[in-house]
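A.B. asks: From the sequence below, what's the structure:
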Amino acid sequence: MFRWLLPVSLLLVAPPLAAQENVAGQYRAASDRIIAAALADSAAYARLAELTDRFGHRFSGSDALEHALEWILSEMREDQLANVRGEPVLVPAWVRGEESAELVAPRAQRLPMLGLGGSVATPADGITADVLVVGSFDELTARAAEARGKVVLFDVPFTTYGETVRYRTDGAVAAARAGAVASLIRSVTPNSQRTPHTGMMRYSDSVARIPHAALTVEDAMMLHRMQDRGERIVVRLRMSARELPDRESRNVVGELVGRERPDEVVVLGGHSDSWDVGQGAMDDAGGVVAAWQALLILKRLGLTPRRTIRVVGWTNEENGLRGGTAYRDAHREALGRHVLAIESDAGVFAPQGFGFTGSDAGFAIVQQVGTLLEGIGAGRITRGGGGADIGPIMREGVPGMGLDVDETRYFWYHHTDGDTMDKLDPREMNLCVAALAVMAYVVADWPEALPR
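C.D. replies: Numbering: from 1, shown residues only. Predicted coordinates:
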């Protein structure tokens with residue numbers, strides 16, 4: 001009975017046909033050149049491989065991260081990007097140290113594990129205690145009397161990342177509130193080859209800080225089956241994690257300066273840091289290098305837009321978000337001239353389009369840009385998008401976009417030793433480069449600033 005409303009609602013957000021034809025006519029040739037250049041070779045993949053092979057994982061506060069950032073800045077200068085610089089950021093320095101988990105009863109077995117970022121250590125001789133396995137926070141609440149003095153294991157199957165990751169971030173607080181001496185989680189992943197996944201967790205000042213770590217999906221399920229059979233489960237947990245003083249780091253920046261309105265900016269990038277496992281190729285060196293390559297393609301094609309396009313490799317996304325916050329603070333006076341922020345932080349897999357957060361009028365424009373990407377399967381523009389690093393400036397009113405990709409395999413390797421170069425495909429990465437370059441170029445060159 002609301003069918004008559006549909007054309008009216010579409011008129012509110014859909015661009016007029018003439019405007020669509022104007023975009024196609026004005027930018028089709030340039031976008032086709034960009035896409036062809038992006039697909040012509042595997043320069044982006046080769047550069048990503050060099051970065052990750054040379055420096056490995058790049059955890060906040062580590063020498064590896066700082067050496068990698070220096071290399072990126074040097075390479076950007078070699079590429080003759082404009083205004084290449086490192087913008088200072090003070091970052092945390094949590095160190096994992098030695099760690100292990102063992103099943104003591106009903107039989108002896110080593111349990112692959114990873115301490116969760118920010119966890120406190122166990123006593124030097126470890127913690128040996130009985131285990132209580134629960135399947136939810138509600139079950140822990142109902143069985144709180146059984147948890148005192150035990151290690152609580154949350155065996156929660158993956159549904160969505162946003163839903164399941166709560167057990168990683170909040171599990172230690174819930175377990176401590178019930179009197180547990182340590183907490184464990186089933187790794188947050190839909191697929192496992194007995195590989196644990198790390199990630200950030202948090203504490204509350206209202207309860208004791210207890211060690212918090214991740215087991216593999218397989219082992220969490222095994223311990224749950226043992227409990228269901230009525231067997232007593234005992235584990236020994238050793239963790240030597242420690243927090244060092246904050247350390248100086250940098251957001252790395254390079255630009256293609258606009259030809260008419262250089263003080264207006266489209267910013268795009270990803271985060272240069274990673275967890276202290278694997279190579280951080282997927283999460284998120286690929287996002288940084290893809291944005292960087294997008295800028296280089298525009299430069300090499302002589303496509304200088306009206307506005308400046310700024311590529312940023314943010315630091316400390318994984319365990320603090322201080323890079324994104326520092327960027328906001330350093331550029332606060334200029335945020336009114338930030339036209340759009342684009343982030344790539346879901347792996348450089350086959351792109352499907354972008355998610356956009358901003359005004360209806362801005363959404364209508366980026367939908368038009370999406371039509372230029374339909375030929376490579378990346379033309380879908382949806383409501384709602386952004387990223388952790390651009391979140392601070394989005395909250396100040398800057399429109400934001402996130403590159404949407406095929407995430408089928410992303411959470412298989414997320415925050416594990418399996419996040420390595422071989423999980424990525426050169427052509428898929430090139431398609432991401434093309435999508436980022438076309439979107440950034442057209443928005444930066446649009447006659448009017450993207451409406452807020």
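A.B. asks: From here on, just use CA atoms for contacts and neighbour counts.
C.D. replies: Fine.
A.B. asks: Show me what stretch 410-426 is in contact with.
C.D. replies: 42, 44-45, 49, 52, 188-192, 195-199, 275, 277-283, 346-349 (CA atoms under 8 Å, 6 or more residues apart in numbering).
A.B. asks: buried sites along whichever helix or strand Gly370 is part of?
C.D. replies: Per DSSP states H and E, Gly370 falls inside helix 360-371. When burial is assessed from 16 or more other CA atoms under 10 Å, helix 360-371 yields the following buried residues: 361-371.
A.B. asks: Just give me the closest of those to Gly135.
C.D. replies: Using CA to CA, Phe363 is the member of those that lies nearest Gly135, at 40.9 Å.
A.B. asks: Just give the closest residue to the closest one, not the sequence neighbours.
C.D. replies: Distance criterion CA to CA, 6 or more residues apart in numbering; nearest residue to Phe363, sequence neighbours excluded, is Phe356 at 6.8 Å.
A.B. asks: Mind jotting down where the strands sit in the stretch 351-452 of the chain?
C.D. replies: All strands of the stretch 351-452 of the chain, identified by DSSP state E, counting those that start in this stretch, fall at 351-357, 380-383, 400-405.
A.B. asks: Could you chop the protein up by domain?
C.D. replies: When the chain is parsed with automatic domain parsing, its domains come out as 13-94+245-445, 98-240.
A.B. asks: mind listing what the residue positioned nearest the centre of the chain touches?
C.D. replies: In the chain, the C-alpha nearest the mean C-alpha coordinate belongs to Asp345, at 4.0 Å (CA atoms, centre = their mean). Neighbouring residues of Asp345 by CA under 8 Å, 6+ apart: 270-271, 283-284, 287, 387, 402-403.
A.B. asks: How many residues are close by the residue lying closest to Arg322 once chain neighbours are set aside?
C.D. replies: Using CA to CA, 6+ apart and skipping residues adjacent in sequence, the residue nearest Arg322 is Asn316, 5.7 Å away. By the other CA atoms under 10 Å criterion, the neighbourhood of Asn316 contains 31 residues.
A.B. asks: got it, and the one 3 residues further on?
C.D. replies: By the measure other CA under 10 Å, the count of residues near Asn319 is 21.
A.B. asks: In this structure it contacts Ser60, no?
C.D. replies: Yes. Asn319 is within contact range of Ser60, at 7.5 Å (criterion: CA atoms under 8 Å).
A.B. asks: Give me the common contacts of those two.
C.D. replies: If you check Asn319 and Ser60 against CA under 8 Å, 6+ apart, the residues they both contact are Pro92.
A.B. asks: contacting residues around stretch 162-172?
C.D. replies: Residues from elsewhere that reach stretch 162-172, judged by CA under 8 Å, 6+ apart: 116, 154, 156-158, 182-185, 188, 199-203, 209-212, 214.
A.B. asks: Select only the buried ones of those in ChimeraX?
C.D. replies: Filtering the contacts of stretch 162-172 down to the buried ones (16+ other CA under 10 Å) takes a single ChimeraX command:
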select :116,154,156,157,158,182,183,184,185,188,199,200,201,202,203,209,210,211,212,214
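A.B. asks: With adjacent residues omitted, what lies nearest to Gly115?
C.D. replies: Taking CA to CA, 6+ apart, and ignoring the residues beside it in sequence, Gly115 has Ala213 as its nearest neighbour in space, at 4.1 Å.
A.B. asks: and what of Arg452?
C.D. replies: With CA to CA, 6+ apart as the criterion, Arg452 has its nearest non-adjacent residue at 5.3 Å, and that residue is Ser359.
A.B. asks: For the one you found, give me its contacts.
C.D. replies: With contacts defined as CA under 8 Å, 6+ apart, Ser359 is in contact with 399, 451-452.
A.B. asks: That one and Pro451: what is the separation?
C.D. replies: 7 Å (CA to CA, to the nearest Å).
A.B. asks: cool, and Ile127?
C.D. replies: Distance, Ile127 to Pro451, using CA to CA: 57 Å.
A.B. asks: And for Thr382?
C.D. replies: Distance from Thr382 to Pro451, counting by CA to CA: 17 Å.
A.B. asks: quick one: the helices in the stretch 251-400 of the chain?
C.D. replies: Remark: helices of the stretch 251-400 of the chain, listed N- to C-terminal, are 286-300, 322-330, 360-371, 391-394; assignment by DSSP state H, counting those that start in this stretch.
A.B. asks: Next: the stretch 101-250 of the chain.
C.D. replies: Listed from the start of the chain, the stretch 101-250 of the chain has helices (DSSP H, counting those that start in this stretch) covering 137-142, 144-147, 161-164, 166-177, 217-228.
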